[in-house]
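[1] Quick one, fold the following:
(one chain, ligands or ions: 1)
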Amino acid sequence: MRILSGIQPSGSLHLGNYFGMMKKMIEYQENEDLFCFIANYHAMTSVTDGKALARGTLEAAANFLALGMDPERSTFWVQSDVPEVQELTWALSNFTPMGLLERCHSYKDKVAKGIAANHGLFAYPVLMTADILLFQSDRVPVGKDQKQHVEVARDIALKFNNQYGEIFTLPEAEIDDDVATVPGIDGQKMSKSYGNTIDLFQEEKALRKQIMRIVTDSTPVEDPKNPDQCNVFQIYRLFLDKDRQQALRRRYEAGGMGYGEVKQELFETVRDFFAPFAERRRELLADPDGLRAVLARGAEKARDAGAPTLRKVRKKTGLAY
Ligand code: TYM
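    Residues are numbered from 1 along each chain as shown. Next up, the predicted model:
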């Protein structure tokens, strides 16, 4: 089965990205045909500082590699190194009703927040569709916030196939309930744009500060507490197997445990969990040319994989004459 997903290189990597998508992708490498990329074209909708985008792209690549992406076994590349995706975007645009894009929550939310709407932001889901369809992806592991975009990809693929024959595989989003929406420190969806993230790779002091800022209620230390309504628990549980979740649950319900105590434990858990990856990440970033070489090989593999699809599209649409 072909599994594909991508991540934008805009800003630092947080627990929502890790648990919502990256962890699963890295695990999938064992048995599946994994395609994974850094969506730097998409990041242009929010990053307009060229140096920041370039640096962010290398950092995002280093993040994924440090966390266990294996570029030999999988196909791992930077989106803009496979510009064919733009050609496919154009072809697909002609099968994308305006209404389909106008209904996209992500677009509507951004506009509602006051971000000036431009064509890039509006057409974002079409580019995402091209990412998915160029490689005939079966499954797309994402967080819940991207579900609608994968449905858009399916709709566009259907329309295109209806016109030109069975060219594209119809993709399906894959979303695990327990990590569909990882909450941030205020209980809303963890997201850079809400300023409520816990970041994977940062100084200990800053990490501790983020975790201590997790919003809790004012139940006194000695009283029993409800883990299901506690943001600390909702984040902590991501690191725990079922038994350890149960044990923590019991400590909440027994009373006598303060939020400060559990936050300190969470801090140590997050720190220790990512420390070995941080070391590897530093090494990777110390050799940007090595990193670029890995990405260049990945792009070559991706271009080869996408070529037959694009050839078919060119032939069927008449672009090849
Ligand atoms: P991006 O870069 O915003 O996020 C990367 C992945 O992290 C997931 N995610 C979360 N999951 C659970 N809880 C959260 N709080 C949380 N925050 C983020 C996102 O759902 C996503 O899976 N448009 C995509 C990138 C992209 C893409 C694609 C993905 C471009 N082309 C093709 C799949 C297929 C995006 O902006 O992800």
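
[2] thought residue 19 was touching residue 238?
    Yes - here residue 19 reaches residue 238: they are 5.1 Å apart, a contact under C-beta atoms under 8 Å. No exception for glycine: its C-beta is placed from N, CA and C like everyone else's.

[3] Can you work out which residues contact both of these two?
    Both residue 19 and residue 238 are contacted by 179, 182, under the criterion C-beta atoms under 8 Å, 6 or more residues apart in numbering.

[4] which residue packs closest to residue 292, ignoring adjacent ones?
    With C-beta to C-beta, 6 or more residues apart in numbering as the criterion, residue 292 has its nearest non-adjacent residue at 7.7 Å, and that residue is residue 58.

[5] Not counting the host helix or strand of that neighbour itself, show me its contacts.
    In the assignment (DSSP states H and E), residue 58 maps to helix 50-67. By C-beta under 8 Å, 6+ apart, the residues outside helix 50-67 that reach it are 7-11, 13, 18, 22-23, 26, 36, 38, 40, 43-44, 47, 71, 76, 78, 200-201, 277-278, 280-281, 284-285, 288, 291-292, 294-295.

[6] filter those residues down to the ones close to the ligand.
    With C-beta under 6 Å from any ligand atom as the criterion, the contacts of helix 50-67 include 7-8 near the ligand.

[7] List buried residues within the contacts of helix 50-67.
    7-11, 13, 18, 22-23, 26, 36, 38, 40, 43-44, 47, 71, 76, 78, 200-201, 277, 281, 284-285, 291, 294-295 (16 or more other C-beta atoms under 10 Å).

[8] Filter those down to the ones in strands?
    Using DSSP state E, the members of those that fall within strands are 7, 36, 38, 76, 78.

[9] okay but the first one is in contact with residue 21, surely?
    To tie it back to what came earlier, the one meant is residue 7. Yes - Residue 7 lies in contact with residue 21 (C-beta under 8 Å); the separation is 6.7 Å.

[10] got the residues of the stretch 1-150 of the chain near the ligand?
    By the rule C-beta under 6 Å from any ligand atom, the part of the stretch 1-150 of the chain lying against the ligand is 4-8, 16-17, 20-21, 39, 42, 128, 131-132, 140, 142-143, 145-146.

[11] ok, residues contacting the helix or strand bottoming out on mean pLDDT in the chain?
    Sorting the helices and strands of the chain by mean pLDDT, DSSP states H and E puts helix 105-112 at the bottom, at a mean of 93. Identification of contacts with helix 105-112 by C-beta under 8 Å, 6+ apart yields 101-102, 117, 121-122, 124-125, 145-146, 148-149.

[12] quick one: which of those has the most company?
    residue 125 (26 neighbours; other C-beta atoms under 10 Å).

[13] residues near whichever residue of the stretch 51-200 of the chain sits closest to the ligand, how many?
    Residue nearest to the ligand within the stretch 51-200 of the chain: residue 143 (2.2 Å; C-beta to the nearest ligand atom). By other C-beta under 10 Å, 22 other residues sit near residue 143.

[14] For residue 89, which non-adjacent residue is closest in space?
    If the residues on either side of it in the chain are set aside, residue 89 comes closest to residue 130, at 4.3 Å by C-beta to C-beta, 6+ apart.

[15] which residue of the chain sits farthest from its center?
    Here the chain reaches farthest from its C-alpha mean at residue 222, the gap being 39.3 Å by C-alpha atoms, centre = their mean.

[16] Please, where are all the strands along the protein?
    Using DSSP E, strands in the chain cover 2-7, 33-38, 75-78, 139-141, 172-174.

[17] need these in CSV with mean pLDDT, can you?
    Output for these, formatted as CSV (pLDDT from 0 to 100):
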stretch, mean pLDDT
strand 2-7, 98
strand 33-38, 98
strand 75-78, 98
strand 139-141, 98
strand 172-174, 98
